[in-house]
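Student: what follows is a predicted structure for the sequence shown.
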Amino acid sequence: MSEPTLYELSATGRKAVSLPECDVKLATIPEHLIRADNGLPELTEQQIVRHYLRLSQRNFGVDCGFYPLGSCTMKHNPKTSEQTARLPGFAQIHPFQDEAIVQGALQLMFELQEQLKEIGGFEAVSLQPTAGAQGELTALLMIRAYHAARGEGHRNEILIPDSAHGTNPASATMAGYIAVEVPSDGRGNVDLDAVRAACSGRLAGIMLTNPNTLGLFEERVEELVGLVRESGGVVYGDGANMNALTAIARPGDLGIDLMHFNLHKTFATPHGGGGPGSGPLGASSQLAPYLPSPIVERLPEDKKGSVEYTLTCPSHSIGRMSSFHGSFGMFVRAYSYLRRLGAPGLRAAAIDAVLNSNYLRVRLRDDYPVPFDRTCMHEFVCEGQPKGSEVRAIDVSKRLMDFGFHPPTNYFPLTVREALMIEPTENECKATLDAFVEAMRAIAKEAREEPGRLREAPSATPVRRLDEVRAARELTVCEPTLRT
Amino acid sequence: MSEPTLYELSATGRKAVSLPECDVKLATIPEHLIRADNGLPELTEQQIVRHYLRLSQRNFGVDCGFYPLGSCTMKHNPKTSEQTARLPGFAQIHPFQDEAIVQGALQLMFELQEQLKEIGGFEAVSLQPTAGAQGELTALLMIRAYHAARGEGHRNEILIPDSAHGTNPASATMAGYIAVEVPSDGRGNVDLDAVRAACSGRLAGIMLTNPNTLGLFEERVEELVGLVRESGGVVYGDGANMNALTAIARPGDLGIDLMHFNLHKTFATPHGGGGPGSGPLGASSQLAPYLPSPIVERLPEDKKGSVEYTLTCPSHSIGRMSSFHGSFGMFVRAYSYLRRLGAPGLRAAAIDAVLNSNYLRVRLRDDYPVPFDRTCMHEFVCEGQPKGSEVRAIDVSKRLMDFGFHPPTNYFPLTVREALMIEPTENECKATLDAFVEAMRAIAKEAREEPGRLREAPSATPVRRLDEVRAARELTVCEPTLRT
Amino acid sequence: MSFTTHTKDERRAMLDAIGVASAEALFDDIPLHARFPDLELPPAISDIELERTFRRLSQRNVTLDDGPSFLGAGCYRHFIPATVDYVLQRGEFYTSYTPYQPELSQGMLQAMFEYQSMICRLTGMEVSNASHYDGATSLAEAALLALDEAGKNRSRILISPAVHPHYRDVVATYLSGTQASLIGPEDTTLSAADLVGKVCEETAALVIQTPNFFGYLEDLNGIAEKVHARGALLIVLVDPIMLGLFQPPGSYGADIVVADGQSLGIAPSFGGPSVGIFATRRAYIRRLVGRLVGKTTDVEGQRGYVLTLATREQHIRRAKATSNICTNSALGALAAATYLATLGRQGLRQVAELCYHKSHYAAVRIAALPRCSVNPVTPDRPFFKEFSVELPLPAAEVNQALQKEFGIIGGYDLGRSYPAMTNRLLIAATEMNPREEIDRLVEALEQITASRAVR
Amino acid sequence: MSFTTHTKDERRAMLDAIGVASAEALFDDIPLHARFPDLELPPAISDIELERTFRRLSQRNVTLDDGPSFLGAGCYRHFIPATVDYVLQRGEFYTSYTPYQPELSQGMLQAMFEYQSMICRLTGMEVSNASHYDGATSLAEAALLALDEAGKNRSRILISPAVHPHYRDVVATYLSGTQASLIGPEDTTLSAADLVGKVCEETAALVIQTPNFFGYLEDLNGIAEKVHARGALLIVLVDPIMLGLFQPPGSYGADIVVADGQSLGIAPSFGGPSVGIFATRRAYIRRLVGRLVGKTTDVEGQRGYVLTLATREQHIRRAKATSNICTNSALGALAAATYLATLGRQGLRQVAELCYHKSHYAAVRIAALPRCSVNPVTPDRPFFKEFSVELPLPAAEVNQALQKEFGIIGGYDLGRSYPAMTNRLLIAATEMNPREEIDRLVEALEQITASRAVR
Ligand SMILES: Cc1ncc(COP(=O)(O)O)c(C=O)c1O
Ligand SMILES: Cc1ncc(COP(=O)(O)O)c(C=O)c1O
């Protein structure tokens, strides 16, 4: 049964809230600016509640089951963080309140900055970026400002490994850079020779994902960093994969100048069906002055009045990247996660994330070839075409749904054919991993013996396979007719 | 897919919470009183969350869809009430706090008492009973104390109409009374002649449900009340059906001496999958002194210090009926509902409850015979065996599930064969009612043409029809083996 | 305000279908003089005002989060993991009715089955119902069950004087409808071993609370045998938290175990709603009160759950039912189940240990104060989570001073229940009280007793 | 603490399967000197301490519920119906990822489709994306879209000086990576009609905010025609609440409409996260940024929804994508959709009316104060929800006095953004401010200005 839309459920005159009578003298509203109808639907509270409850039941989250979506770190979102973020003292405060009456919020931001600095090995952190991609853009704009300040504004190339996430080249373009793709080598590392060849006076920097999107740690990362730095480039790290490295290795120690953290991956804030996220940016001492504004600073003992923490602007800041202070609600959740785990907990999490991923790798590789089959980090990539079959990765993915699992990431990275990118996270029990292996093996068998079943999958979902071509052709992107 | 039990998911050593280290000196625990293993399962937070999320999706509430369960008043539970009841100032207070520091709670209870008095037409209300059935028992114990105080302790019979809810006779027994059943007459009213015949010196009182469980208003209620009163009996009203009468008629005005309210029916507090509820009891001036303790009183102006509201014990109170002050959390929700509606809103709700029920009655009666086919109140009872078919009410009910509806109440009241008791409530839209009618008609057609389909129903539910006989025979009522 | 669901046209169409001119006409059966009264209720307020009004009203209460609190006496502040409210807020659960239709209620039924299972393990009993209203009513029903089992000649429930006074009240009220009565000596210091001697041929059951109202742990080993030898049943009222660490009543032969489940994940909420725990031996399963969930299969052999043995219940057996209970406290049981699953084997034990150690730390420190004596009369008996303090001035006064001068919510003034104990305070310490709070309490008591005791 | 998931045996079995001796060995690729650093992080705290720590930290903030508040300036206190959090707390929604796999994501996809539909109706536009980060970044992306559409020769975004200063900052930062630049006069009193004259052959777009940062409603009728005639696009930044009552930008020819959606059911939360609204004409659908949900059918003909036109996006088009956005603010859009559905046609209009009347009431009363002038320079322009007050002393001082002496959170100190306006306060009044609060503010302002102004 499909669920009607809000507009289909609407009928004239219904109300779900009761607003107060106007208790002040009515002012004259300029008639010519008024609209006749604002076009919203009209429903009862019961209809709204049922509608969204039913829709939610047609959606799959980590709370529903295993969600090994590679590169997305679908870890468990602790329920205590959700409660904490809803405390009135955090939810009901305005970004322009006097600093003296939001010291709790500023302290939280300050301490989160400090912890991220320590985890990443950076000189400073700005919490401003609202997502990973915005963190990338921010970093690139900082690199641009940094070179310009040194009279090297002509540097206009950014090296980007071919396995990089699409946001990397897209961010480079937005920052006015030319994205220069560098290939991977036979072990899944960035090809050092190619990097060497690409290093020139035009080099502005590199965007490095480490572990990369194959789930592999760059075996010669320090050499790579050295090459870029020698030719005057800045090394930017895409921190999306930090879940493998928390309390295991600090990117700053490896020579990374800038890196964004994904609070919505590594630090367990929810993905929210696509967002909001938060992408704090760490910077080494050379780059720190360019960080976006604001940053929270702690005043020295002798300067403290009622204000201990204050918002400041870095000396050469590129400016603001979002309306106010960033995704504060996510800071509360991430900070709650960090306080709950501490350094040993973070390390244990990273270790289990890597353990789980390697376990799945070795258990699946007989059926699903793993092109760069070496110890992986928190995720790995295999070919989604089971040995001896013709089916495609997408068919395997859809069939997995019938077994109650969310599929892995499909067709990314682009460097592996029929890629399936699998990231189990540290939270999953062995029993779940084993059940997933069983399902994958059963599907591989089906792929060989009755491939039609895969191509027709899924069948146990609220809708069967959807016609994406039709959607793109018809482009019905809102309710077609106006309500009467 | 069935969901494993908590014990099936358990594995040694898992933890979902982190408790503090003991920060005080350890005391000696008497070894001989210690147990080796408390037998609880061990799970991660993620497992727990997923388990209960999946279980919830295997459950149907009013939030999921139409739930016309007669006698249960499955009305919409406003979401604002849920938030209100969770305010720390209501949830985080202890029943033994000094009255001076819980004046908000006492004021809320006082105002709820006042509003219930006004709605019911009573002299006093005690919020003590924790459910409808306990309200009944409380009332009967009061009647007992009342007669005893008047030297009429020998009165030991309680009249109970044959259409009454099972809790009525059960409560009578618990209160030490003999339940004397009185039949209904041809119009669905209590048979007045039978009442007259049963009125004797042994009469302690009557338990009257009005509107009764056929959804019919007692046409000669005042005559009936008069009969009982004349022979020295007390008239108790079962207030479960008050949703038809809020701001429409006050039971006290009709001569009812005692009546419980179901906050979990009439005043929109959630049913919680079976409870908790709340069954405040209203009493006329003669019975009020016997109400259970405590009651909240407002101190006269000149006596108020820091305490304006105080807990008191009625002069001839029968005592306590629950651990503390009753279901306070439900008081908050019910009071929120009352403040949101006011008298006009309450009346409008009752009117629509009755309108919806009569609408269904007339639209269904051609297929499902309505034995007492006159204007009904908030619910009505039809025969669940569609005309021209042999199927049973239970089959119709199970088949309704496949259409996405919760079935009506089955086989109650006992005075109608194959009874289906239908109570739509005021919240439902006409579109929903019409869809229900369509489904019922389609089922009636099926019942005549392919009755097997009904007997095999449901098929669209998480499990198919369950073997209740087997459950009662095997009596597996907890996990069979101890975890090792 | 009224939340209009039907449009004008819809309303008209419905009235036409029914064949009445107006909705008001549907109420013609009601005597005219009583029809459509004018109610004096406060006017409806908007949702914005509602939010403000309730927030303000709630702020007239001092909460247990506002400062240290040492109130217990049957209602406790324990840690509630976030999973509990996550589960309680699922609309599918809390807006459902009693699971009469099992095919649409497997979620609640399985959750109740698991609740029953955990309660059985925890208490060491064989059968648990799916909940009762609260601890006091569970106890009252246990008494009724015992009376019923014992037969006509045994019409006395012998209750320890150290059972929670409210619970004794509730049992007495329940028994007021029967021929039976509640008896017990007055001396609250009597132990179970002392009481067992008073079981006679009129006694249907002996009721013991452990830890008792004053916090003492009762050693019940060997008691059941003696009670049974005299033909009565042993009813044990427990603190469920204690069961994380200490012997289950099943291990020493209890016949019925009851408890209040508020400690298991339910906010104090001014004392209600809570959940009543009720577990017994399999022998009494047909006399059990309330709902019971059993395992079964569907027509395809899939595992499933249903309400079972409904023949005990009011909706089937009516006047002959084992109880009148209908609505119970299912959501409270769901909270308790989620709590128990979340705390788990180690967690519940740890909470119990923390309560034990914290309360002992507090007791030792208070006992060292010059003018306070802890657990007077029988200071050597083991206790759990709670203990009493004899003060040199009225407990009510001490509580007031604690609140007003130190921002501490004190203990339970035992004088409220026992007129002879006006100077005695019942103090509870749980895992929620860090040492620093206990130290603050001790210091405050020291100051208060020093400055005021001489009057 | 670490939350152990695997038992020892399980862990061993997994390591054996992998073929390593220890989990640590899995990290051998990391340079030794950088492996397993000792981090100086505060120690892990228990869940009980966590709750206490965060409660206390949160209590170091004064909240908007603690007293009257008149802060706006881009972040508002509006009524949030309880339905919103009910929906946001559904684990199926908030723990899901971007709906790449539509068969498992119909709930979110349909909800986003409905969000798009309501935003289209509300703005009068043909296409809405499924959200951007916030209002400021929506505006920045709108500028980029306009620049792209306009072609190389038009590299100026002409922005009204009365656009929110933070938004102008963000747009400027975004443009710092391009050849384009942000220009605009300094005079904040210029109206849209004044600005339109400055559109020239270098202008890619004119950006107007209405109500503007100072609360003035811009009359934009006829503006778009003029802008188009000069070859540029018209970008309109709106307050979504206003759209409940006032003309939609689509009606007067806007090309892109952006807004911050915080007012639609999202708590202020110190300014984030929010949701960015982005709507445009169908002509630009292939240049749209961010996710877009389209309707389709499944193989059985059932209606369904999918992400569509992914070829615009970074994961397909990479360096040539229309934007780099990946994670957006889907849950914010869900909140906004729930809010809009709950308020509905009448409700949103009523909220807008209340904001209008309350702010006018406040303005009229403050204007009557001897030493305050309201909306100085252009007092006759219509305004909505917000207005500015010229004070006889620094706004910062007035705010401090309001807070400390009257418990009122004042307005936005315009001096923070405009050095010439240190004595000016921007005051917002919404449906959340009952008259009594406004009266308190007026009285407080009267006292403060009377007692302190003479210095
Ligand atoms: C490797 C990588 N980089 C960057 C991003 C972009 O992060 P966000 O979605 O937070 O913008 C992602 C997100 O999927 C990613 O996986
Ligand atoms: C008519 C009637 N009376 C009494 C009751 C018992 O109320 P409760 O379930 O609250 O104990 C019910 C509940 O179903 C009822 O319908």
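Tutor: Thanks, I have it. Please read these numbers as outputs of a predicted model, since none were measured by experiment. Ligands and ions are numbered 1, 2, ... in the order given.
Student: now do the contacts for residue 315.
Tutor: Reading this off chain A. When contacts are counted by CB atoms under 8 Å, 6 or more residues apart in numbering or on different chains, A:Ser315 touches A:Pro289. C-beta: built from backbone N, CA, C; applies to glycine.
Student: you answered for a different chain; I wanted chain C.
Tutor: B:His165, B:Gly166, B:Thr167, B:Phe412, C:Cys326.
Student: all the strands of the chain, in order from the start?
Tutor: Defaulting to chain A. For chain A, the strands defined by DSSP state E cover A:124-126, A:157-161, A:178-182, A:203-209, A:234-239, A:258-261, A:281-283, A:295-298, A:309-312, A:380-383, A:409-410, A:419-422.
Student: sorry, should have said chain C
Tutor: Going by DSSP E, chain C shows strands at C:127-128, C:156-159, C:181-183, C:203-210, C:233-238, C:256-260, C:276-280, C:293-297, C:303-307, C:373-374, C:386-390, C:412-413, C:424-428.
Student: how many residues are close by A:Pro289?
Tutor: When neighbours are counted by other CB atoms under 10 Å in any protein chain shown, A:Pro289 registers 18.
Student: about what we covered before: what about the strands of chain C, which gets the closest to C:Glu40?
Tutor: strand C:276-280 (37.2 Å; CB to CB).
Student: in the closest one, what's buried?
Tutor: For strand C:276-280, the neighbour count (16 or more other CB atoms under 10 Å in any protein chain shown) marks C:Gly276, C:Ile277, C:Phe278, C:Ala279, C:Thr280 as buried.
Student: what sits against residue 67?
Tutor: With no chain named, the answer covers chain A. Per CB under 8 Å, 6+ apart, neighbours of A:Tyr67: A:Phe60, A:Gly61, A:Met74, A:Phe405, A:His406, D:Tyr97.
Student: to clarify, I was referring to chain C.
Tutor: By CB under 8 Å, 6+ apart, the contact set of C:Gly67 is C:Gly407, C:Ile408, C:Ile409.
Student: circling back to that earlier point, including pLDDT, could the buried residues of strand C:276-280 go into JSON lines?
Tutor: Formatted as JSON lines, these follow (pLDDT from 0 to 100):
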{"residue": "C:Gly276", "pLDDT": "98"}
{"residue": "C:Ile277", "pLDDT": "98"}
{"residue": "C:Phe278", "pLDDT": "98"}
{"residue": "C:Ala279", "pLDDT": "98"}
{"residue": "C:Thr280", "pLDDT": "98"}
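Student: turn those into TSV, including distance to C:Tyr174.
Tutor: Below are these laid out as TSV (distance: CB to CB, whole Å):
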residue	distance to C:Tyr174
C:Gly276	13
C:Ile277	17
C:Phe278	14
C:Ala279	19
C:Thr280	17
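Student: could I get those residues in a markdown table, plus columns for distance to ligand 1?
Tutor: Listed next are the buried residues of strand C:276-280 as a markdown table, based on distance: CB to the nearest ligand atom, whole Å:
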| residue | distance to ligand 1 |
| --- | --- |
| C:Gly276 | 49 |
| C:Ile277 | 47 |
| C:Phe278 | 51 |
| C:Ala279 | 51 |
| C:Thr280 | 56 |
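Student: how is the chain carved up into domains?
Tutor: Since you didn't name a chain, this refers to chain A. Domain assignment of chain A by automatic domain parsing yields the ranges A:6-58, A:79-338, A:348-471.
Student: actually, chain C is the one I wanted.
Tutor: For chain C, automatic domain parsing gives the domain ranges C:82-339, C:344-452.
Student: wait, what's in contact with the residue nearest to A:Glu42 when sequence neighbours are not counted?
Tutor: Leaving aside its chain neighbours, A:Glu42 sits nearest to A:Arg14 (4.2 Å; criterion: CB to CB, 6 or more residues apart in numbering or on different chains). Listed by CB under 8 Å, 6+ apart, the contact set of A:Arg14 reads A:Glu42, A:Leu43, A:Thr44, A:Gln47, C:Thr4, C:Thr5, C:Thr7, D:Gly344.
Student: please apply the same query to C:Thr378.
Tutor: C:Thr189, C:Tyr216.
Student: how close does A:Thr409 sit to A:Phe122?
Tutor: Distance, A:Thr409 to A:Phe122, using CB to CB, to the nearest Å: 28 Å.
Student: ok, and which of the buried residues of strand C:276-280 reach chain B?
Tutor: Among these, proximity to chain B is found for none (CB under 8 Å from any CB of the partner chain).
Student: farthest-apart pair in those, please.
Tutor: Of all pairs in these, the most separated under CB to CB is C:Gly276 and C:Thr280 at 13.0 Å.
Student: pull the longest helix from chain A.
Tutor: helix A:328-364 (DSSP state H).
Student: show me what that one is packed up against.
Tutor: helix A:79-85, helix A:88-91, helix A:103-120, strand A:380-383, strand A:419-422, helix A:430-449, helix D:8-18, helix D:47-59 (3 or more CB pairs under 8 Å, 6 or more residues apart in numbering or on different chains; DSSP states H and E).
Student: nearest to ligand 1 among the ones you listed would be which one?
Tutor: For ligand 1, the closest of these is strand A:419-422, at 9.3 Å, according to CB to the nearest ligand atom.
Student: okay, buried residues for that closest one please.
Tutor: Within strand A:419-422, the residues that qualify as buried are A:Ala419, A:Leu420, A:Met421, A:Ile422, counting by 16+ other CB under 10 Å.
Student: wait, isn't the third one in contact with A:Thr409?
Tutor: Pointing back at A:Met421 there. Yes: counting by CB atoms under 8 Å, A:Met421 touches A:Thr409, with 4.0 Å between them.
Student: got the contact list for C:Leu243?
Tutor: B:Arg35, B:Asn38, C:Leu122, C:Thr123, C:Leu348, C:Ala352.
Student: many thanks, have a good one.
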